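Undergrad: no FASTA, just this:
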């Protein structure tokens, strides 16, 4: 703890030599979502096309050392939170050592993981020991059969074993992400929310976003306001939770007396979080996207493999800051703007 405090002080001193990561709308960028692979051991319908996917060439993927270098430079400019994503990040060898590397970077104080939990039972303790602090788990159904339909995988009980192991080693609260689809899993919303009464889980309902099949999206989209109303009617008042700077895009609530919480992410029906957006996304092949719903990106891979200096990396971050849009404008989207495959961008 003392060593980490010293590292933080050193990082703050170094930040004085660099300008803070701040975009044209005066938003400080303090959070990076890092995809370490586009591979995944599931084939979720809303993430990956049913007809298959062209994987990135392995030689085009950033090495762990390249990622750590990028994070180190950004940490000198105020980045303090990183989230490891994929694809499914736990399918890439060496992920525990990579997390330890992130934890060793001065200024990085929050490290989180988004996973489908299929392999979490194997890695939970190692990740915790390496410095991982929080885990988000994607789980779209409590029904094994429906889970199989959504994920195209036969691993429901492995996921539950992963959740239980993560809880056992001390990841708390566990965040469980539920992508809502009308007629698929929206009828399970109350059951998910009910889990928070006895378990220290934060259930987060996410609006279905336009990925892959535009017509399918239109038929399955349901605003979370409807889900919130159902939960309140069945389980009682949802009490607002005071937000923190690192709370993320969810609006968070709690049922009276519950151990866990209920959150709602309204990317489609309400983009309130854009005005406070503090994040960028690093793809597995070395590109930073300043906004999920925009094709604009800045390529770091070429520079990293051309013996660039830290100042060169710093200049690329300035480009990212300069092109970050004020809002995602999904309220104006068309079929042409839909996401082609979330697995390619990073969850």
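TA: Structure's in. What do you need? Since the structure is predicted, the reported quantities are computational estimates derived from the model, not experimental observations. Numbers count the residues shown, from 1 in each chain.
Undergrad: am I right that residue 176 falls within a strand?
TA: Yes - assigned with DSSP: H, G, I helix; E, B strand; the rest coil, residue 176 falls within a strand.
Undergrad: how deep is it tucked in, by neighbour count?
TA: Residue 176: 24 surrounding residues under other Cβ atoms under 10 Å. Every residue, glycine included, has its C-beta placed from N, CA and C.
Undergrad: what pLDDT is listed against it?
TA: Listed pLDDT for residue 176 reads 97.
Undergrad: can you pull up the bridge partners for it?
TA: For residue 176, the beta-bridge partners are residue 137, residue 203 (DSSP bridges).
Undergrad: test my guess that it contacts residue 139.
TA: Yes - between residue 176 and residue 139 there is a contact under Cβ atoms under 8 Å: 5.2 Å.
Undergrad: quick check: neighbours shared by those two?
TA: With contacts taken as Cβ atoms under 8 Å, 6 or more residues apart in numbering, the residues that reach both residue 176 and residue 139 are residue 163.
Undergrad: I'd assumed residue 77 was in contact with residue 107.
TA: No - counting by Cβ under 8 Å, residue 107 sits too far from residue 77 to count as a contact (9.1 Å).
Undergrad: leaving out chain neighbours, which residue sits closest to residue 44?
TA: Leaving aside its chain neighbours, residue 44 sits nearest to residue 151 (5.1 Å; criterion: Cβ to Cβ, 6 or more residues apart in numbering).
Undergrad: again with residue 34
TA: Nearest residue to residue 34 in three dimensions, chain neighbours excluded: residue 282, at 4.8 Å (Cβ to Cβ, 6+ apart).
Undergrad: residue contacts, the one you found?
TA: Neighbouring residues of residue 282 by Cβ under 8 Å, 6+ apart: 32, 33, 34, 35, 62, 67, 70, 288, 300, 346.
Undergrad: which one of those residues is nearest to residue 47?
TA: Closest to residue 47 out of those is residue 346 (10.8 Å), distances taken as Cβ to Cβ.
Undergrad: confidence score at residue 248?
TA: For residue 248, the predicted pLDDT is 70.
Undergrad: what about it, neighbour count?
TA: 20.
Undergrad: any figure for the gap between it and residue 110?
TA: Distance, residue 248 to residue 110, using Cβ to Cβ, to the nearest Å: 11 Å.
Undergrad: what residues of the helix or strand containing residue 124 count as buried?
TA: Using DSSP states H and E, residue 124 falls within helix 120-130. By 16 or more other Cβ atoms under 10 Å, the buried positions in helix 120-130 come out as 120, 121, 123, 124, 127, 128, 130.
Undergrad: average pLDDT across that helix?
TA: 98.
Undergrad: one more: stretch 26-37?
TA: The pLDDT scores in stretch 26-37 average 96.
Undergrad: that one: end-to-end distance?
TA: Start-to-end span of stretch 26-37 (Cα to Cα, to the nearest Å) is 31 Å.
Undergrad: can you give me the buried ones in it?
TA: Within stretch 26-37, the residues that count as buried by 16+ other Cβ under 10 Å are 27, 29, 30, 31, 32, 33, 34, 35, 36, 37.
Undergrad: show me what contacts the residue nearest to the fifth one when sequence neighbours are not counted?
TA: Nearest residue to residue 32 in three dimensions, chain neighbours excluded: residue 82, at 5.2 Å (Cβ to Cβ, 6+ apart). Applying Cβ under 8 Å, 6+ apart, one finds that residue 82 lies in contact with 31, 32, 33, 34, 71, 102, 108, 110, 111, 112.
Undergrad: now these in CSV, with distance to residue 166?
TA: As requested, the contacts of residue 82 are exported to CSV (distance: Cβ to Cβ, whole Å):
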residue, distance to residue 166
31, 22
32, 23
33, 19
34, 20
71, 24
102, 18
108, 21
110, 17
111, 14
112, 12
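Undergrad: mind listing which of these are in strands?
TA: The members of the contacts of residue 82 that map onto strands under DSSP state E are 31, 32, 33, 34, 110, 111, 112.
Undergrad: out of those residues, which comes closest to residue 97?
TA: residue 111 (13.2 Å).
Undergrad: against residue 71, how distant is that closest one?
TA: If you go by Cβ to Cβ, the gap between residue 111 and residue 71 works out to 10 Å.
Undergrad: of those two, who's got more company?
TA: Applying other Cβ under 10 Å to residue 111 and residue 71 shows that residue 111 carries more neighbours, namely 22 against 19.
Undergrad: common neighbours of residue 111 and residue 71, please.
TA: Both residue 111 and residue 71 are contacted by 82, 102, under the criterion Cβ under 8 Å, 6+ apart.
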